[in-house]
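> curious how this folds, go ahead:
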Amino acid sequence: MGAGAALAEPVCSAGAVFLKTPGGTQMRFSAEVADEVDERALGLMNREKLAASAAMLFVYQKPQRAMFWMKNTLIPLDLLFLDQTGTVASVHAMAKPLDESRIDGGEDVKFVIEINGGLAQKLGISPGTLMLHPSVAPGAAKWPCPAE
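Take a look at the predicted model:
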């Protein structure tokens, strides 16, 4: 299933990020997780393409101010900044390739999702969209992984 496809029952796995918009639309992205400092520093740099159904999920140890840039990033991206509950707090749409300007995601960011530029608007991803992923602490998650 690609991004925007209807889903029956999302299953928590490290390799998938599920999003549910405020309107209830659910979508799945295959996910690369960047949870180490060097992985977060590299991000999607030097890649010539990203599948429409793919995403990179940045996971921080604790909520913090998140600053990004597009240095050495060759494709336009939408950046989704999420709090510790897995809720999108803000969206930076269509970040320009190779731009070294700072993109400030704000305070209290625990997760950042990068997807192809323009997809957030196309799929209705906006503040209030919820993420389902095992990296969101069960007690904090607004959309928790199902109990096994």
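
> can you map out the helices along this protein?
37-42, 119-123 (DSSP state H).

> tell me which of these sits nearest to D104.
Checking these against D104 by CB to CB gives helix 37-42 as the closest, at 15.9 Å. All C-beta atoms are positioned from the backbone trio N, CA, C, and that covers glycine.

> then that closest one to CSV, C-alphas only?
Extracted as CSV, the C-alpha positions of helix 37-42 are listed here (Å, rounded to 0.1, in the frame of the first residue of the first chain):
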residue,chain,number,x,y,z
VAL,A,37,23.3,11.6,15.8
ASP,A,38,25.3,10.7,12.7
GLU,A,39,22.1,9.3,11.0
ARG,A,40,20.2,12.5,11.8
ALA,A,41,23.1,14.7,10.5
LEU,A,42,23.1,12.8,7.1
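
> and that helix, how far from the chain's centre?
The chain centroid and the centroid of helix 37-42 are separated by 15 Å, computed with CA atoms, centre = their mean, to the nearest Å.

> where does pLDDT dip in this protein?
Across the chain, the ranges flagged by pLDDT under 70 are 1-8, 148.

> what about 80?
The chain contains residues with pLDDT under 80 at 1-9, 39, 44, 46, 147-148.

> just the strands in it please.
Secondary structure of the chain (DSSP state E): strands located at 16-20, 26-34, 54-64, 67-68, 77-82, 88-95, 103-104, 109-116, 130-132.

> distance check, the residue lying closest to H133 once chain neighbours are set aside against A52.
Sequence neighbours aside, V17 is the residue nearest to H133 in space, at 5.2 Å (criterion: CB to CB, 6 or more residues apart in numbering). Distance, V17 to A52, using CB to CB, to the nearest Å: 14 Å.
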